[in-house]
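Peer 1: Give me coordinates for this.
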Amino acid sequence: MVVQAFTVDLNKPLVFQVGHLGEAYQEWVHQPIVSKEGPRFFASEFWEFLTRTVWWVIPLIWLPVVCWSVSISIQMGHTLPQVALMVVGGIFTWTLMEYTLHRFLFHIKTESYWGNTMHYLLHGCHHKHPMDGLRLVFPPAATAILCAPFWNIVKLFSTPSTTPAIFGGGLLGYVMYDVTHYYLHHGQPTKEVPRNLKVAHFQGIGSCAPPFTGSHRYHLNHHFRNQTKGYGITSSLWDKVFGTLPQSKAAEKTR
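Peer 2: All right, here's what the predicted structure looks like:
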């Protein structure tokens, strides 16, 4: 008896469907649907609401926490230059976490029902619907849960008085990451640095390209052309360090 392959119905809530794809999930999730209208995740209005976040909520919620964390280190006797260095160190720590999470967790290969389901919720939905503006940033409730282990990680290599500022820097790095990610998808950068980041995020998409101006290659490359390259969002530093920087089309043609 031949078992018919499972087909996802895009007109129904997706989360509890994608697990049935099994081994076919990885191929399905990396065939993007370019539409600003995102799919429905859950039948429940409550759970559906929790998956949708407008981008400005991220700085609105987390920048006050950043300021509060930094102020604790100041109150514990550190000077402003010292705290500034701690914040920069926290941002640097975040960039490595950003790369590591994106490469080794967000792009983990799954084929079981629950593995596919969790991956879709975590990052697969973004690759399937990369222009869904309400699912580009991380929901605040999920970020709040992850703050506790991040605080404990920072405590491992810092002192009680430096931990708050380093943590605040890392949280600031996260805010920069999320708003930058949103901008790469929905902004129209004219300055060289943000344009290059967008170029790096969106390279070589061919006929399925959304209507961006300029030669946008880096982040679109990660979505539409090669999902095993270009894991950095706020910086391409770690892609360069670990050899996952995507090549330009011109460079590939010369090989």
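
Peer 1: how close does the closest residue in space to residue 121 that isn't next to it in sequence sit to residue 92?
Peer 2: In space, residue 121 comes closest to residue 15 once its chain neighbours are excluded; the distance is 6.4 Å by CB to CB, 6 or more residues apart in numbering. All C-beta spots, glycine's among them, are computed from the backbone N, C-alpha and C. Per CB to CB, to the nearest Å, residue 15 is found 35 Å from residue 92.

Peer 1: what's the answer for residue 82, then?
Peer 2: The value you get for residue 82 to residue 92, if CB to CB is used, is 16 Å.

Peer 1: Just list the residues touching residue 51, thanks.
Peer 2: Contacts were defined as CB atoms under 8 Å, 6 or more residues apart in numbering; by that measure residue 51 touches 41-42, 121, 135, 139.

Peer 1: can you rerun that using 10 Å?
Peer 2: 15, 38, 40-42, 121, 125, 132, 134-135, 139, 142 (CB atoms under 10 Å, 6 or more residues apart in numbering).

Peer 1: Quick check: phi and psi at it.
Peer 2: Note on residue 51: its backbone torsions stand at phi -90, psi -10 [degrees, to the nearest 10].

Peer 1: So for residue 74, what's the nearest residue that isn't a sequence neighbour?
Peer 2: Nearest non-adjacent residue to residue 74 (CB to CB, 6+ apart): residue 83, at 5.7 Å.

Peer 1: Find me the pLDDT at the one you found, would you?
Peer 2: We note a pLDDT of 98 for residue 83 in this prediction.

Peer 1: And the furthest pair within the contacts of residue 51?
Peer 2: The distance between the two most remote of those (CB to CB) is 19.0 Å, for 40 and 142.

Peer 1: hang on, residue 128 packs against residue 116?
Peer 2: No. Using CB atoms under 10 Å, residue 128 and residue 116 do not qualify as a contacting pair, with a distance of 11.7 Å.

Peer 1: Can you pull the residues that touch both of the two?
Peer 2: With CB under 10 Å, 6+ apart as the test, residue 128 and residue 116 both reach 18, 28-29.

Peer 1: Which among those count as buried?
Peer 2: 18, 28-29 (16 or more other CB atoms under 10 Å).

Peer 1: And those residues, which is closest to residue 159?
Peer 2: The closest of these to residue 159 turns out to be residue 29 (CB to CB; 43.0 Å).

Peer 1: hey, where'd the strands end up in the stretch 151-255 of the chain?
Peer 2: 202 (DSSP state E, counting those that start in this stretch).

Peer 1: if you count what's nearby, which of residue 15 and residue 92 comes out ahead?
Peer 2: Applying other CB atoms under 10 Å to residue 15 and residue 92 shows that residue 15 carries more neighbours, namely 19 against 16.

Peer 1: check contacts around the more buried one.
Peer 2: Residue 15 is in contact with 39-43, 47-48, 51, 117-118, 120-121, 125, counting by CB under 10 Å, 6+ apart.
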